[in-house]
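[1] dropping the sequence and predicted coords here.
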Amino acid sequence: MNRTIGDETRTSMDDVHLVIPASSEFLRPLRLVAADAAVRAGLDCEEVEDFRIAVDELSHAVMTATDHHLHVTFRTSDHKVLARGSARSRNGAVSPAMNELSSIIVTGVADFFDFRQEKSEVVFIVVKHAQRSVVGRA
């Protein structure tokens with residue numbers, strides 16, 4: 001059976017949930033939790049930094065489209081880490097969009113990401129794999 005990203009975002013007892021106000025001053029603890037999740041997934045130092053940057057950029061993009069708390073869930077597995085962030089959209093706001101620079105940055109550091117409006121929420125998903133595990137299977 002093929003697993004989809006949707007399957008991967010269902011909750012698990014090992015998930016870490018962080019809820020922060022939609023203010024950039026709270027990105028530091030978010031980056032620390034993202035780095036911890038990446039380390040637990042077995043990513044190396046450069047991959048941990050890449051994942052941390054991706055989570056930071058995507059979370060900041062959500063924060064620009066909401067006045068509500070941001071909820072980010074981190075899931076780790078062997079050689080992979082996934083983060084899903086969401087916040088209720090600002091009433092009457094224009095559809096959220098990432099700026100071009102942020103999109104280029106996240107594309108360069110993540111293996112997969114999605115940023116979208118989903119009903120009344122702004123949502124992102126980002127995935128990073130440990131490359132040494134991919135190399136080890138070749």
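    Nice, I can see it. Numbering: from 1, shown residues only.
[2] quick one: the helices in the chain?
    Along the chain, the segments classed as helices by DSSP state H run 5-8, 27-40, 45-63, 100-109, 131-137.
[3] who are the packing partners of the fourth one?
    Identification of packing neighbours for helix 100-109 by 3 or more Cβ pairs under 8 Å, 6 or more residues apart in numbering; DSSP states H and E yields helix 45-63. Any C-beta I mention is one placed from the backbone N, CA and C, and that applies to glycine too.
[4] I'd like to know which elements the helix it packs on is packed against.
    Packing contacts for helix 45-63, counted by 3+ Cβ pairs under 8 Å, 6+ apart, involve helix 27-40, strand 70-77, strand 80-88, helix 100-109, strand 112-118, strand 121-129.
[5] other SSEs contacting the third one?
    So the one you mean is strand 80-88. helix 27-40, helix 45-63, strand 70-77, strand 121-129.
[6] and those as CSV, adding mean pLDDT, mean neighbour count and distance to residue 106?
    Putting those into CSV (pLDDT from 0 to 100; neighbours: other Cβ atoms under 10 Å; distance: least, Cβ to Cβ, whole Å) gives the following:
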stretch, mean pLDDT, mean neighbour count, distance to residue 106
helix 27-40, 96, 18, 13
helix 45-63, 97, 21, 5
strand 70-77, 96, 20, 15
strand 121-129, 97, 23, 7
